[in-house]
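Trainee: what shape does this take:
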Amino acid sequence: MEMKYVLYFVIGGAIVSVVTYLASHAKGLHAAFIANVPVVTVITFLTIYFESDQKAIVSYAKGLIIMLFPWLAYIFAIIFLTEKLGFVPSLVIGLFLYLVTAYLILIRNQVAP
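Mentor: Just a heads-up that it's a prediction; the model follows:
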C-alpha cells in the first residue's frame, strides 16, 4: 500500500477524533465547526488533482452539491426525531432517508442525458 493512503487515513482519523472529543465535552458547535471546515474537501480536492485532473475536481464538486440534499434529509431526521423517538431510531431513519434520497438521485442522473 502506498504511504499517501496511510497519510489520508491518519488525517481523516485525526479529524474524526477531534470532532468526537469536542462533541463529547458538550462543545457541539465547535465540533460541528471542525467537522465542516473544508479541510477534508481541500485535501480531497488536492488528492483528486494529483491523481487525475481539473475536470475530475469539478465533477466531484458538483456531486458534493447534489448530495447535499440527502445529507440534509439525514441531519433533519436527527434534529427532529431524536427527542421524539430517541437517538438510535432517529439515526437509523436518517441513514435510511439518506440512502433512499441518494439512490433516487443516482438513478435519476444515470437515466438523464
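Trainee: quick one: distance of stretch 69-84 to the chain centre.
Mentor: 14 Å (CA atoms, centre = their mean, to the nearest Å).
Trainee: buried sites along it?
Mentor: Judged by neighbour count using 16 or more other CB atoms under 10 Å, the buried positions of stretch 69-84 are Pro70, Ala73, Tyr74, Ala77, Leu81, Thr82. For the C-beta atoms, the positions are set from N, CA and C on the backbone; glycine is no exception.
Trainee: over to stretch 44-61?
Mentor: Result for stretch 44-61 [16+ other CB under 10 Å]: buried residues Thr44, Phe45, Ile48.
Trainee: CSV for those residues, including distance to Asn36?
Mentor: As requested, the buried residues of stretch 44-61 are arranged in CSV below (distance: CB to CB, whole Å):
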residue, distance to Asn36
Thr44, 14
Phe45, 15
Ile48, 20
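Trainee: good, wrapping up.
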